[in-house]
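Colleague: Need the 3D shape of this:
(one chain, ligands or ions: 2)
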Amino acid sequence: MKITIIGTGYVGLVSGACFADVGNTVLCLDVNEEKIAMLKNGVIPIHEPGLDNMVERNANAGRLLFSTSYDEAVAHADCVFLAVGTPPDEDGSADLTHILAAARSIGQRIDKPVVVVDKSTVPVGTADKVRAAIQGELDKRGSTLSFSVVSNPEFLKEGAAIDDFMRPDRIVVGSDDTVATKLMRQLYAPFSRNHEKLVEMDVRSAELTKYAANAMLATRISFMNELANLAEVLGADIEAVRHGMGLDPRIGSQFLYAGMGYGGSCFPKDVKALVKTGGDHGQVLHILEATELVNDNQKNVLFKKLTRFYGGVEGLKGKTVAVWGLSFKPNTDDMREAPSLVLLKELFDAGCHVRAYDPVASSEALRVLAREHGAARVESMLTIVSSAAAATEGADALVLVTEWKEFRAPDFAGLATILRDKAIFDGRNIYDPAVVAAAGLAYEGIGRVSRT
Ligand code: NAD
Ligand code: UGA
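Modeller: Ligands and ions are numbered 1, 2, ... in the order given. Purely as a prediction, here's the structure:
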């Protein structure tokens, strides 16, 4: 099958590569010329495990093409996916500028019936807007062409995107058109043996399913973070509580990890957008409002612990803090809404110098931080280094922000001789407090009894 993907970011590139890998000919389009030039030269603009090999394999086989030309992209296929960004608008709603611009660009060019598939995360009712945008352009041309708009939200996770796409838990297809549904079943057959994973529903329900899933996951995390803060004052250990709770199959063990709050390009914006949708329809979504509030507060928790350890913000002044991990989660270089950004701002404001190391996100972090604080301030407050060991050189304390595998088993005895104030702040609860304390280091986790 010939497929076009509009928007070649995380979702567009991963989807394009995976569809090509099962034998389709896929053209990925983006308005970002630099990104397309990189891809044409075999350079992958994002860090996603396994993606470089998959892109190379399929590009070499002529099954994965890249373009900035809408003429070429729309002519290429009978099935056009929309995978452009839907960032938060100032009022929290999803900004549909890109998706509607893409829809108009399609409407200006189609000359045969097409199925337009909405893969971006969009509020309920967006498919109608996409349909109207395309129809508006057809009307201007006096065209009577027919087309369909289908909702097919994406559930992949960054860092595990290829596996999630190739072996999905479910494939949601919202469609009011049997021909379009049949095409989607055909397209997804290689990812869903016997079609058992493909869930058909109406368009609006499919649009809402995506927000519902992300909102539920975000809520579980905020729930656990709130319980972690309670466990701490009660002298309980959230890690034991998590284990005990998660064994109940009605609860399940995933997404119960307390930490520094959820970040990333989706949970924060999708929770906000769903709250806004509720408000627009006269419904206050109390639980989700609390989810967001708890998450915003949680991003400050580690700084509060540092402040307490040093006897107030004044005590932090002039300290050198080693930071391990900057990306919003391991296995990605994505810095969008990363909890590290909140912590770094607090450390800069307190007059600390930060020595940070991340296996892949350093240059993206520098770009984002320079935009937020100005290059000169970042240069004076932050040293980016190229190893975990280099980050701790000359540091007073260590903060673990992102749980990359290489941070999991450090030499605690060695750290006890290097860190001047002999303290570890573990924002992801990856260390055993007793082991850290036995090495002579003070330990602070999230929702655990601190050890000094
Ligand atoms: P992204 O920012 O990585 O990529 C979006 C791309 O769209 C950019 O390269 C941008 O240049 C391009 N673009 C913008 N306007 C365009 C236009 N008019 N025509 C062509 N290209 C255009 O975004 P992403 O993370 O891939 O997310 C895309 C959508 O998928 C969002 O709605 C997001 O919520 C959803 N989603 C993301 C993930 C994820 O893990 N990142 C997972 C599931 C769903
Ligand atoms: C999330 C969802 O998991 C995907 O299903 C969805 O497709 C995607 O959003 C999206 O819509 O974009 P992603 O943001 O890539 O995927 O990453 P997650 O693994 O969900 O982690 C999100 C954040 O939650 C991270 O900051 C992570 O550290 C945090 N988290 C996750 C916790 O704090 N505790 C947990 O138990 C799990």
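Colleague: which residues touch the closest residue to ligand 1 within the chain?
Modeller: Across the chain, no residue is closer to ligand 1 than residue 9, which sits at 1.7 Å (Cβ to the nearest ligand atom). C-beta: built from backbone N, CA, C; applies to glycine. With contacts defined as Cβ atoms under 8 Å, 6 or more residues apart in numbering, residue 9 is in contact with 30, 46, 83-85.
Colleague: which one of those residues sits closest to residue 320?
Modeller: Sorting these by how near they are to residue 320, with Cβ to Cβ, puts residue 46 at the top with 31.4 Å.
Colleague: need the contact list for the residue lying closest to the closest one once chain neighbours are set aside.
Modeller: Of all residues beyond its chain neighbours, the one nearest residue 46 is residue 10 (6.1 Å), with distances taken as Cβ to Cβ, 6 or more residues apart in numbering. With contact taken as Cβ under 8 Å, 6+ apart, residue 10 is in contact with 46, 48, 156, 158, 161, 265, 334.
Colleague: Can you check which helix is longest in this protein?
Modeller: Ranked by residue count under DSSP state H, the longest helix found in the chain is helix 203-234.
Colleague: Are it and ligand 1 in contact anywhere?
Modeller: No: taking Cβ under 6 Å from any ligand atom as the criterion, helix 203-234 and ligand 1 are apart, separated by no less than 7.4 Å.
Colleague: Could you pull up the mean pLDDT of that helix?
Modeller: Averaging pLDDT along helix 203-234 yields 98.
Colleague: Please apply the same query to stretch 120-129.
Modeller: Mean pLDDT, stretch 120-129: 98.
Colleague: what's the spacing between it and its chain's center?
Modeller: Stretch 120-129 has its C-alpha centroid displaced from the chain centroid by 20 Å (Cα atoms, centre = their mean, to the nearest Å).
Colleague: Ends of that stretch, what's the gap?
Modeller: End-to-end distance for stretch 120-129, by Cα to Cα, to the nearest Å: 14 Å.
Colleague: cool, and stretch 321-333?
Modeller: Here the two ends of stretch 321-333 are set 22 Å apart, with distance taken as Cα to Cα.
Colleague: do that stretch and ligand 2 meet?
Modeller: Yes: contact of stretch 321-333 with ligand 2 is found when judged by Cβ under 6 Å from any ligand atom, involving 328-329.
Colleague: Equivalent analysis for stretch 33-53, please.
Modeller: No: taking Cβ under 6 Å from any ligand atom as the criterion, stretch 33-53 and ligand 2 are apart, separated by no less than 10.2 Å.
Colleague: Flag every buried residue along stretch 402-410.
Modeller: When burial is assessed from 16 or more other Cβ atoms under 10 Å, stretch 402-410 yields the following buried residues: 402-404, 407, 410.
Colleague: Can you tell me which of the residues you listed is closest to residue 277?
Modeller: Distance ranking of the buried residues of stretch 402-410 against residue 277, using Cβ to Cβ, places residue 402 first at 30.9 Å.
Colleague: so what's that closest one closest to, chain neighbours aside?
Modeller: Closest residue to residue 402 apart from its sequence neighbours, by Cβ to Cβ, 6+ apart: residue 325 at 2.6 Å.
Colleague: Tell me the spacing between that neighbour and residue 282.
Modeller: Look at residue 325 and residue 282: by Cβ to Cβ, to the nearest Å, they are 42 Å apart.
Colleague: Who has more neighbours out of these two?
Modeller: In this view residue 325 and residue 282 are compared by other Cβ atoms under 10 Å, and residue 325 has more residues nearby, 28 against 6.
Colleague: The more buried one: what's it in contact with?
Modeller: Residue 325 touches 340, 357-358, 400-404, 407, counting by Cβ under 8 Å, 6+ apart.
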